[in-house]
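Colleague: Make a model of this:
(2 chains)
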Amino acid sequence: MSGLVAIVARDVVLALRAGGGAVQAALFFALAVLVFALAVGPDLDTLAELAAPVLWTAALLSTLVSLDRIFQADFEDGSLDVMIETADLLELVVLAKAVAHWLTSALPLIIAAPVLALLLNLPQEGYGPLLLSLAIGTPALSLIGALGAALTLGMRRAGALVSILVGPLYAPTLIFGVGAAKAGLEGAPSYGPSLLLLGAVTLFAAALAPLAGAAAIRFNMR
Amino acid sequence: MVTEYANPEKFSRLARPFIPALGAMSVLLFTAGLYYALFNSPADYQQGETVRIMYVHVPAAWMALFCYAAMAGASAAGFIWKHPLADVAAKATAPIGAVFTALALVTGSLWGKPMWGTWWAWDARLTSVLILFFLYLGYIAIWETVEERARAARLAAIVAIVGAVNLPVVKFSVDWWNSLHQPASVFRAGGPTIHESMRPPLFFMAFAYMTTYGALLLVSMRAELAARRLARLETLATEKISGVRPE
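Modeller: Model prediction:
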């Protein structure tokens, strides 16, 4: 347990001190939203309707591009070998890595989301559901992403492969996340059921991803 | 008994006669099935003649699920018991299952245009089958990317097992959500609701698909085993010539 906290703390400190990982995540997120908004055009009603889906898609994309940060550096400098040798449970290392990824890549997005939602003309009653859905759903993105990163560990051109592997597994998170976030719109159903299903997806990912991810790392490091 | 056929040589030899047998059965079943489906079955009172697309579509969709289940099951067997043929079977199943899935998607789309008035709808059943298709492609991509066979097999097995989460979603999507797609009418509690006259073509086609899968699987598995053997022999020959391991 203390090892888990130590890994999380180490990764967060590394991300904060070594070359602005957290800032980069938020910047990519903002850029993705900007590109969407430019493509949709300046019509405020259309933007309001698309705000939640665009923010969720941008969150998914910025998670995808940051996945190589989870294990790659530790794999290259040998830290991962040490973790495998010393950790009681490799599964907990994977979980810690996913938590650290969420803290450094997803949390900045959630903080930036309200500002970007403002630019997208999200109606006022939509902010609560949007932030709640991001807070509950993005851990699933980090966890499933950690599995994808573990599967493609040490491979050349892993970026495309990890997207192919992880993309389909992200579908439920995206569907229920957007479903819950849309609740603020006029005529949209209440966000309760979607939010519960989103929570279920996150819990399921928390149970499955560390197991499968640890197995993948063992096979890749052999 | 299972371990007895684990010897690749023995398996290849025993599988050989099954290929023409299954192939011939598949041709016969397709002939009978297509005859029934196209000429000797009634048009539907609502769907008209387009119901005949169903005889291609429904078994393809069954096979899409069946192949994935077989692939995940074989992957699990390879993972747990290290059965040497399990990974070969899983790898050989993937492209066949992907083609069945694509066939189900395309025929469903062709039927959807006249019946639903649209080629595609983003509803639960269609979306989950599309995701199934991408899971197949992801599985194949692992095999394509990882050069070392043993490592590729283990990693691909993880992908197949994790992706199996999608199977119940595909199966029950029509019950859990309000779907445009109709619910099950053949394998359901309380007996089939599909009309008697439509059952023979459906079952002939289903068994035709099944035997086709069997024949293709064995061909593909034998080819993979032969390729592995060839690679091994080439390595041995190179070692002998270069004197890495003098005899």
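
Colleague: Where do the helices of the chain begin and end?
Modeller: Using chain A. Along chain A, counting by DSSP state H, helices occupy A:2-17, A:21-40, A:44-66, A:68-77, A:79-86, A:90-101, A:107-119, A:127-151, A:158-181, A:192-221.

Colleague: not quite, I wanted chain B
Modeller: So, for chain B - with DSSP H - the helices run B:8-15, B:18-38, B:51-81, B:86-116, B:124-145, B:149-163, B:166-176, B:199-242.

Colleague: Out of the ones you listed, flag the one nearest residue A:94.
Modeller: Closest of the helices of chain B to residue A:94 is helix B:149-163, at 12.5 Å (criterion: CB to CB). All C-beta spots, glycine's among them, are computed from the backbone N, C-alpha and C.

Colleague: could you give the angle of the worst-scoring helix or strand of chain A on mean pLDDT to helix A:68-77?
Modeller: The weakest-scoring helix or strand in chain A, judged by mean pLDDT, DSSP states H and E, is helix A:2-17 (a mean of 82). Between helix A:2-17 and helix A:68-77, the angle comes out at 100 degrees (axes from the mean of the first three to the mean of the last three CA atoms, to 10 degrees).

Colleague: Check the offset of helix A:2-17 from the chain's centre.
Modeller: Centroid separation for helix A:2-17 versus its chain: 17 Å, with CA atoms, centre = their mean, to the nearest Å.

Colleague: got it, and stretch B:72-85?
Modeller: Relative to its parent chain, stretch B:72-85 has a centroid offset of 17 Å by CA atoms, centre = their mean.

Colleague: residues of that stretch that come out buried?
Modeller: B:72-79, B:83-85 (16 or more other CB atoms under 10 Å in any protein chain shown).

Colleague: do stretch A:53-61 as well
Modeller: A:54-61.

Colleague: Would you mind putting these into a markdown table with distance to chain B alongside?
Modeller: Below are the buried residues of stretch A:53-61 laid out as a markdown table (distance: CB to the nearest CB, whole Å):
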| residue | distance to chain B |
| --- | --- |
| A:54 | 17 |
| A:55 | 19 |
| A:56 | 15 |
| A:57 | 14 |
| A:58 | 20 |
| A:59 | 19 |
| A:60 | 15 |
| A:61 | 17 |
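
Colleague: Out of those residues, which is nearest to residue B:9?
Modeller: residue A:60 (48.1 Å).

Colleague: Could you double-check that that closest one sits in contact with residue A:141?
Modeller: Yes. If you go by CB atoms under 8 Å, residue A:60 and residue A:141 touch, sitting 6.3 Å apart.

Colleague: still on that earlier bit, mean pLDDT lowest for which of the helices of chain B?
Modeller: When the helices of chain B are compared on mean pLDDT, helix B:166-176 scores lowest, with a mean of 81.

Colleague: What helices and strands are in contact with that helix?
Modeller: On a contact count with 3 or more CB pairs under 8 Å, 6 or more residues apart in numbering or on different chains; DSSP states H and E, helix B:166-176 meets helix B:51-81, helix B:124-145.

Colleague: on contacts alone, who are the packing partners of the first one?
Modeller: Helix B:51-81 sits against helix B:18-38, helix B:86-116, helix B:124-145, helix B:149-163, helix B:166-176, helix B:199-242, with contacts defined as 3+ CB pairs under 8 Å, 6+ apart.

Colleague: what's next to the first one, contact-wise?
Modeller: With CB atoms under 8 Å, 6 or more residues apart in numbering or on different chains as the test, helix B:18-38 has contacts from B:52, B:55-56, B:200-201, B:204-205, B:207-208, B:211-212, B:214-215, B:218-219, B:222.

Colleague: Point out the residues in chain B that sit beside chain A.
Modeller: By CB under 8 Å from any CB of the partner chain, the part of chain B that sits against chain A consists of B:127, B:131, B:134-135, B:137-138, B:141-142, B:145-146, B:151, B:154-155, B:158-159, B:161-163, B:165-166, B:169.

Colleague: from those residues, which would you call buried?
Modeller: The buried subset of these (16+ other CB under 10 Å) comprises B:127, B:131, B:134-135, B:137-138, B:141-142, B:145-146, B:154-155, B:158-159, B:161-163, B:166, B:169.

Colleague: Mind pulling up the pLDDT for the closest residue to residue A:206 other than its chain neighbours?
Modeller: The shortest distance from residue A:206 to any non-neighbouring residue, by CB to CB, 6 or more residues apart in numbering or on different chains, is to residue A:143 (5.7 Å). Residue A:143 is assigned 96 on the pLDDT scale.

Colleague: what's around residue A:143, how many residues?
Modeller: 28 (other CB atoms under 10 Å in any protein chain shown).

Colleague: What residues does it make contact with?
Modeller: Counted by CB under 8 Å, 6+ apart, residue A:143 has contacts A:95, A:98, A:202, A:205-206, A:209-210.

Colleague: which one of the residues you listed sits closest to chain B?
Modeller: Nearest to chain B among the contacts of residue A:143, counting by CB to the nearest CB, is residue A:209 at 8.4 Å.

Colleague: Please report how far the closest residue in space to residue B:16 that isn't next to it in sequence lies from residue B:75.
Modeller: Leaving aside its sequence neighbours, residue B:16 sits nearest to residue B:222 (CB to CB, 6+ apart; 7.4 Å). Using CB to CB, to the nearest Å, residue B:222 is found at 20 Å from residue B:75.

Colleague: before we move on, what about residue A:191?
Modeller: 37 Å.

Colleague: just to revisit the earlier point, need the overlap of contacts for residue A:60 and residue A:141.
Modeller: Counting by CB under 8 Å, 6+ apart, the residues touching both residue A:60 and residue A:141 are A:170, A:173.

Colleague: give me phi/psi at residue B:16?
Modeller: Torsion angles at residue B:16 (phi, psi; degrees, to the nearest 10) stand at phi -50, psi -60.

Colleague: isn't it right up against residue B:219?
Modeller: No. The pair residue B:16 / residue B:219 is not scored as a contact, 10.1 Å apart, by CB under 8 Å.

Colleague: quick one, which of those two is more surrounded?
Modeller: Neighbours per residue (other CB under 10 Å) separate residue B:16 from residue B:219, with residue B:219 holding more: 15 against 11.

Colleague: picking that back up, looking at the buried residues of stretch B:72-85, which two lie furthest apart in space?
Modeller: So, the buried residues of stretch B:72-85 by CB to CB: farthest apart are B:72 and B:84, at 18.2 Å.

Colleague: what distance separates stretch A:123-137 from the middle of the whole chain?
Modeller: 16 Å.

Colleague: same check, this time on stretch A:45-63
Modeller: With CA atoms, centre = their mean, you get 14 Å for stretch A:45-63.

Colleague: what sits up against it?
Modeller: A:25, A:28-29, A:32-33, A:36-37, A:40, A:105-106, A:109, A:113, A:116-117, A:120-123, A:126, A:129-130, A:133-134, A:137-138, A:141-142, A:145, A:170, A:173-174, A:177-178, A:181-182, A:184-185.

Colleague: How about stretch A:98-108?
Modeller: A:4, A:7-8, A:10-12, A:15-16, A:21-23, A:25-26, A:29, A:59, A:62-63, A:66-67, A:69-70, A:134, A:138-139, A:141-143, A:145-146, A:209-210, A:213.

Colleague: Identify the residues contacting residue 86.
Modeller: Picking chain A for this. Residue A:86 neighbours (CB under 8 Å, 6+ apart): residue A:3.

Colleague: sorry, should have said chain B
Modeller: B:74-75, B:77-78 are the contacts of residue B:86 under CB under 8 Å, 6+ apart.
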